[in-house]
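Engineer: Sharing a model that was predicted from the sequence below.
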Amino acid sequence: KVFVTHGGLPTDDTVMLDDVRKVKRGMEPPEQGLMSDLLWSDPQPFPGKSPSKRGVGYAFGPDITSAFLERNGLSLLVRSH
């Protein structure tokens with residue numbers, strides 16, 4: 001299974017695909033929260049999370065990606081951003 005997102009992954013380590021499905025669309029994205037994370041977060045080459053250079057979203061490491069994929073029964077993350 002593949003997860004395709006514009007930017008990145010949720011800041012909250014408990015987010016499941018059902019939470020993503022519930023995100024309200026068709027509105028201006030907020031400065032923070034799940035929609036903002038999915039739109040603006042970026043990968044980083046080292047483990048963990050850190051503030052984003054963009055000023056919105058955050059940077060996430062390969063360990064965060066692996067945990068999200070495993071928690072949601074997925075095998076691949078594709079970023080379209």
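Structural biologist: Nice, I can see it.
Engineer: Please count neighbours and contacts with C-alpha atoms only from this point.
Structural biologist: Will do.
Engineer: got the contact list for the strand or helix carrying residue 66?
Structural biologist: If you go by DSSP states H and E, residue 66 is part of helix 62-71. With C-alpha atoms under 8 Å, 6 or more residues apart in numbering as the test, helix 62-71 has contacts from 9, 13, 16, 43-49, 75-77.
Engineer: try stretch 18-29
Structural biologist: Contacts for stretch 18-29 (C-alpha under 8 Å, 6+ apart): 34-36.
Engineer: Tell me which of these fall in helices.
Structural biologist: Judged by DSSP state H, these include 34-36 as members of helices.
Engineer: List the buried residues for stretch 65-79?
Structural biologist: 65, 68-69, 77 (16 or more other C-alpha atoms under 10 Å).
Engineer: And the residues you listed, which two are furthest apart?
Structural biologist: Taking C-alpha to C-alpha as the measure, the buried residues of stretch 65-79 span a maximum distance of 9.2 Å, between 68 and 77.
Engineer: So residue 16 sits against residue 34, correct?
Structural biologist: No: Residue 16 lies out of contact with residue 34 (C-alpha atoms under 8 Å); the separation is 11.0 Å.
Engineer: So the two - more neighbours on which side?
Structural biologist: residue 34 (19 against 15; other C-alpha atoms under 10 Å).
Engineer: can you give me how far stretch 43-51 is from the chain middle?
Structural biologist: Relative to the centre of its chain, stretch 43-51 is centred 12 Å away, using C-alpha atoms, centre = their mean, to the nearest Å.
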